[in-house]
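Asks: Any chance you could fold what I've pasted below:
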Amino acid sequence: MKHLRSVLPVLLALMMTFLVACGGGDVAKAPPTYTPEKVATIQRYMVPIDTARSRMSELEDLINKKDGIYVRNFIHGPLGQLRESTGFVTRQLLEKDRGPAKEITDDLFDHLESLDAAAKDNLYRQASAEYSAALKDFDDFLSLIPGEPGE
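Replies: Predicted coordinates for the structure are as follows:
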């Protein structure tokens with residue numbers, strides 16, 4: 001009996017340690033949010049993306065003028081760094097936004113590639129449809145981006 005009394009506290013201590021280590025699920029964990037520093041970083045890398053978006057109307061004008069060479073030059077010129085820029089911003093987003101942003105940018109670049117091919121083949125109706133789809137994807141991507149720090 002004396003031997004059992006000395007082992008019992010050790011077993012209880014081990015059991016308590018085990019329960020504490022495995023428990024603790026009651027603590028509510030706050031969902032991840034954008035810190036002001038993260039938002040500032042994202043906004044800094046949004047500058048070329050915002051510039052590209054503001055110039056999309058120029059691309060539409062070129063499509064309407066049926067100027068395939070300049071349409072293709074525009075896609076490869078002013079929009080040429082868009083994939084790199086959106087990729088960097090996407091990697092900075094919270095995990096819950098990262099997947100949708102990746103899907104949207106994949107669609108955006110599929111439409112731009114199809115627009116490029118349509119302009120090459122002088123298929124301006126198709127080019128116009130691809131432009132509209134690309135513009136929607138662009139705006140959908142922008143809707144995932146957090147605002148200015150403090151917003």
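
Asks: so what does the longest helix seen in the chain touch, helix or strand wise?
Replies: Secondary structure of the chain read by DSSP state H shows that its longest helix is helix 95-120. Helices and strands touching helix 95-120, by 3 or more CB pairs under 8 Å, 6 or more residues apart in numbering; DSSP states H and E, are helix 68-76, helix 82-92, helix 124-143. Every C-beta, even on glycine, is put in place using the N, C-alpha and C of the backbone.

Asks: now the ones you listed as TSV including mean neighbour count and distance to R98?
Replies: Supplementary listing: the helices and strands packed on helix 95-120 in TSV, determined by neighbours: other CB atoms under 10 Å; distance: least, CB to CB, whole Å:
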stretch	mean neighbour count	distance to R98
helix 68-76	17	26
helix 82-92	17	6
helix 124-143	17	12
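
Asks: In a markdown table: those, plus mean pLDDT.
Replies: Formatted as a markdown table, these follow (pLDDT from 0 to 100):
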| stretch | mean pLDDT |
| --- | --- |
| helix 68-76 | 96 |
| helix 82-92 | 96 |
| helix 124-143 | 97 |
